[in-house]
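Student: Everything below, folded, please.
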Amino acid sequence: SAAKSPLPEGATDPAFNIESTPDTLKEAFPALYSSLKISLATIPTDTVYVIIHPGDQLNVAGGFGLNDTLRFTPYPMALSQQEVKVKPWNDLILEGWHLGTLTFEIVTDAVEYAGLAIPDISYTIEDNELPPGIVQSVEMDTTLTEGLSGIDLLFSMATIPTDTVFLIIDPDDQLRITG
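Tutor: This is a model prediction of the structure:
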């Protein structure tokens, strides 16, 4: 993205240098991320802020709905890449394969960068939420006394499954699961 504006003699056209790895992101794996690196092509005449909006499917700053802001000052460091770690937001909704899109906002008083834009960047997200399963309530005829030890529950499969099976134990507000 380049704009036509008066530049100091010998300067090249202003632009944003973008280096993005279009990885497929997987929900619920917070240690895995895609690297997005941004730098300026020229030293700006004033500070340039690049605000990254992650939408409702991505995470760039450590929490849902938090933007990330890169600051490029009018010094040679503006030519150095700044990295943003792009992760999917684990929304606990079964969505299958879907997209997450970053949008960008440029805030500056530098005439050469005012009006420039960074195009949206989309990432493919693999949703790894568990599909809806079987819900089973287990009635127990065991009497428990508060403050004393509880009981052990032992579960096993009747057959060998063809894929991973997750057993989620969800007690009401009168019981707790330990161990």
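
Student: if I pick residue 75, what's in contact with it?
Tutor: By Cβ atoms under 8 Å, 6 or more residues apart in numbering, the contact set of residue 75 is residue 43. No exception for glycine: its C-beta is placed from N, CA and C like everyone else's.

Student: how close does it sit to residue 45?
Tutor: Using Cβ to Cβ, to the nearest Å, we find residue 75 at a distance of 11 Å from residue 45.

Student: Likewise for residue 107?
Tutor: According to Cβ to Cβ, residue 107 stands 15 Å off from residue 45.

Student: Now do the same for residue 150: its pLDDT.
Tutor: In this model, residue 150 is scored at 75, pLDDT.

Student: shaky segments in the protein?
Tutor: For the chain, the stretches with pLDDT under 70 are 1-12, 30, 129-138, 140-141, 179.

Student: Strands of that one, start to end?
Tutor: With strands called from DSSP state E, the chain shows them at 16-20, 24-26, 34-40, 48-53, 58-59, 68-72, 82-88, 97-108, 121-126.

Student: the inter-axis angle of the longest one versus strand 68-72?
Tutor: In this case it means strand 97-108. 40 degrees (axes from the mean of the first three to the mean of the last three Cα atoms, to 10 degrees).

Student: tell me which strands and helices strand 97-108 is in contact with?
Tutor: Under the contact criterion of 3 or more Cβ pairs under 8 Å, 6 or more residues apart in numbering; DSSP states H and E, strand 97-108 touches strand 48-53, strand 58-59, strand 121-126.

Student: and what of the second one?
Tutor: Based on contacts counted as 3+ Cβ pairs under 8 Å, 6+ apart, the elements that strand 24-26 packs against are strand 82-88, strand 121-126.

Student: same thing with the shortest one?
Tutor: In terms of contacts (3+ Cβ pairs under 8 Å, 6+ apart), strand 58-59 is packed against strand 82-88, strand 97-108.
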